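Asks: sequence first, then the predicted structure:
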Amino acid sequence: MLPVSRFNEFIAQNNLFTPNNKILAAVSGGMDSVVMAHLLKAAGFNFSIAHCNFQLRGDEAVSDQAFCNDLALQLRVPFHTINFDTVKYVSDNKVSTQMAARQLRYQWFEQLRQQHGYSVIALAHHQNDAIETILLNLTRGTGIAGMHGILPKNGALVRPLLFLTREEIQQIITDNRLAYVEDSSNASAKYARNKIRLEVAPKLKELNPNLENTFNNNLLHFRELELLLQQRVAELKSSLFAEIDGEIHIPLAKVKELEPKRLLLFNLLQEYGFNETAVDDLIASLYKHSGRVFESIGFNLLLDRDRLIISKKSAQQVAPILIEEKTHEVHFSNYKLTLLHDDSPLIVKNNPLATSVDTEKLIYPLTLRLWQQGDFFFPIGMKTRKKLSDFFIDQKVPLHEKNNIPLLVNGNGDVIWIGGYRPDDRYKVTQNTKKVTIFELNKV
């Protein structure tokens, strides 16, 4: 028997959708999405099936696509499918295969939702997926938002199977003799999530056989903590933030009283683009000299004598420029940047407006932009990183000047060169360098 009552209860408790809603169900053909499709049918919901073929597994992917088409015919529901050139998307957008597949499918699901009037997009994540997400977030570093796992509802995305564990889904498949397909890539520990599912989670379950229930209770606690934090931050904004002539003024005395300071300040300033590094720098400066300016992409934050002042950057702020591999020249603010490719390991010396870089280490597109609070690099000749804010202080660079210095950034986010000042040690030309790219700045 299908757990239709539990399914309906979970949907109602989390306000996912109603019998009057039109639902787009994302179905891969695997156990989870097949159970979701059968539950939607058994519960009498109005839904259609959408299936993506990423063309990464040859005949296996074609077979999965045909299976999903047959499932839609069996359940007598509309069927949407698409073939993606995922390999080309990876190449064009310089992202991982997993990220490419994620971006492609969610973009397509949203297009279908809008074109055909679907209320929600149903995804077949279950309790074990939520556990794996938390473990993955913990290994990468996360705040409270990363600890609540996968939410039952996030905008138009709903997850009506979060009341089930993987073992329960397997039992439903067996008891109801439901056909499904198995993605061979799920058995590979090549991907981080698979490694957690196949190797880490089983070890944790040896310590706690009731792991899913424990984590489910933890998720509820973390979601409640997040709501409590959001409520506290909203109250602080209402009482501390004063808008004066288009600027946000915050009393410095009240900022100093905040506890826990780092958590609350980060959440107060996050919407203005200030990251944790900028918040740490701000806290370290609270009891020192006033007049320091912190910057995000769109805002300046001034540490004044008795207040913090957040102001929008001027409309004249220079926008970042993307540099493709075949680019020879770009214009940025008052500079022209020229690229020269050479097969000999040339090293530019005694010219601060030019630098030589090991071509093989470049990841295109590169970016030419202004510096941001939190930026760091490894100065040439050094093996330790240095914040650009500290570097500018050491170099005694005036505030108005540092805000106009071009920064050459690699496709992976590394700072390659502070134009006119210092290149990064990680990208220098060495005896192993086979090809060099020379970047030269000229004021115009």
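Replies: Yep, that arrived. Numbers count the residues shown, from 1 in each chain.
Asks: where's the residue nearest in space to the middle of the chain relative to R105, distance?
Replies: A centroid search over the chain (Cα atoms, centre = their mean) returns M99, at 9.6 Å, as the residue closest to the centre. M99 sits at a distance of 11 Å from R105 (criterion: Cβ to Cβ, to the nearest Å). The way it works is simple: take the backbone N, C-alpha and C, and place the C-beta from them, glycine included.
Asks: what does N432 give?
Replies: Counting by Cβ to Cβ - N432 and R105 are separated by 40 Å.
Asks: more neighbours: those two, which one.
Replies: For N432 versus R105, neighbours defined as other Cβ atoms under 10 Å are more numerous around R105 (21 against 8).
Asks: surely that one touches V27?
Replies: No - with contact defined as Cβ atoms under 8 Å, R105 does not count as touching V27 (11.5 Å).
Asks: pLDDT on stretch 180-188, on average?
Replies: Averaged over stretch 180-188, pLDDT sits at 74.
Asks: and stretch 355-367, by the same measure?
Replies: 92.
Asks: show me the contacts for S356.
Replies: Shown in contact with S356 (Cβ atoms under 8 Å, 6 or more residues apart in numbering): P345, L346, I347, V348, K428, V429, V436, T437, I438.
Asks: now render these as JSON lines, adding distance to K361.
Replies: Below are the contacts of S356 laid out as JSON lines (distance: Cβ to Cβ, whole Å):
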{"residue": "P345", "distance to K361": "13"}
{"residue": "L346", "distance to K361": "15"}
{"residue": "I347", "distance to K361": "15"}
{"residue": "V348", "distance to K361": "16"}
{"residue": "K428", "distance to K361": "9"}
{"residue": "V429", "distance to K361": "10"}
{"residue": "V436", "distance to K361": "11"}
{"residue": "T437", "distance to K361": "9"}
{"residue": "I438", "distance to K361": "14"}
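Asks: using a markdown table, please lay out those together with pLDDT, distance to D32 and secondary structure.
Replies: Below are these laid out as a markdown table (pLDDT from 0 to 100; distance: Cβ to Cβ, whole Å; DSSP: H, G, I helix; E, B strand; the rest coil):
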| residue | pLDDT | distance to D32 | secondary structure |
| --- | --- | --- | --- |
| P345 | 67 | 53 | coil |
| L346 | 71 | 56 | coil |
| I347 | 76 | 56 | coil |
| V348 | 74 | 56 | coil |
| K428 | 91 | 49 | coil |
| V429 | 90 | 51 | coil |
| V436 | 92 | 50 | strand |
| T437 | 92 | 47 | strand |
| I438 | 91 | 52 | strand |
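Asks: just give me the closest of those to N83.
Replies: Among the contacts of S356, T437 lies closest to N83 (Cβ to Cβ), at 36.7 Å.
Asks: please look at the closest one and T355 and confirm they touch.
Replies: No - counting by Cβ under 8 Å, T355 is not a contact partner of T437; they are 9.3 Å apart.
Asks: higher neighbour count, these two?
Replies: Legend: neighbour count by other Cβ under 10 Å for T437 and T355, higher for T355 (27 against 22).
Asks: state the distance from the residue nearest to that one when sequence neighbours are not counted to E206.
Replies: What sits nearest to T355 in space, not counting adjacent residues and going by Cβ to Cβ, 6 or more residues apart in numbering, is P423, at 4.4 Å. For P423, the distance to E206 equals 50 Å [Cβ to Cβ].
Asks: pull the helix or strand with minimum mean pLDDT from the chain.
Replies: Between all helices and strands in the chain, the lowest mean by mean pLDDT, DSSP states H and E belongs to helix 399-402, at a mean of 64.
Asks: so which other helices or strands are in contact with the next helix or strand after it?
Replies: Downstream of helix 399-402, the next assigned helix or strand under DSSP states H and E is strand 407-409. When contacts are defined as 3 or more Cβ pairs under 8 Å, 6 or more residues apart in numbering; DSSP states H and E, strand 407-409 packs onto strand 366-369, strand 415-418.
Asks: against which helices or strands is the last one packed?
Replies: Just to be clear, that refers to strand 415-418. strand 354-358, strand 376-377, helix 388-394, strand 407-409.
Asks: now with 10 Å?
Replies: strand 354-358, strand 366-369, strand 376-377, helix 388-394, strand 407-409, strand 422-423, strand 436-443 (3 or more Cβ pairs under 10 Å, 6 or more residues apart in numbering; DSSP states H and E).
Asks: got the contact list for it?
Replies: Strand 415-418 is contacted by residues 352, 354-357, 361-362, 366-369, 371, 375-380, 385, 388, 391-392, 395, 397, 402, 405-410, 422-424, 426-427, 437, 439, 441 when judged by Cβ atoms under 10 Å, 6 or more residues apart in numbering.
Asks: direction included, what does that strand pair against?
Replies: strand 407-409 (antiparallel), strand 422-423 (antiparallel) (DSSP bridges).
Asks: what are the boundaries of the helices in the stretch 251-400 of the chain?
Replies: With helices called from DSSP state H, counting those that start in this stretch, the stretch 251-400 of the chain shows them at 252-257, 261-269, 276-285, 388-394, 399-402.
Asks: which of these is buried the deepest?
Replies: helix 261-269 (a mean of 19; mean count of other Cβ atoms under 10 Å).
Asks: thank you kindly, that will do.
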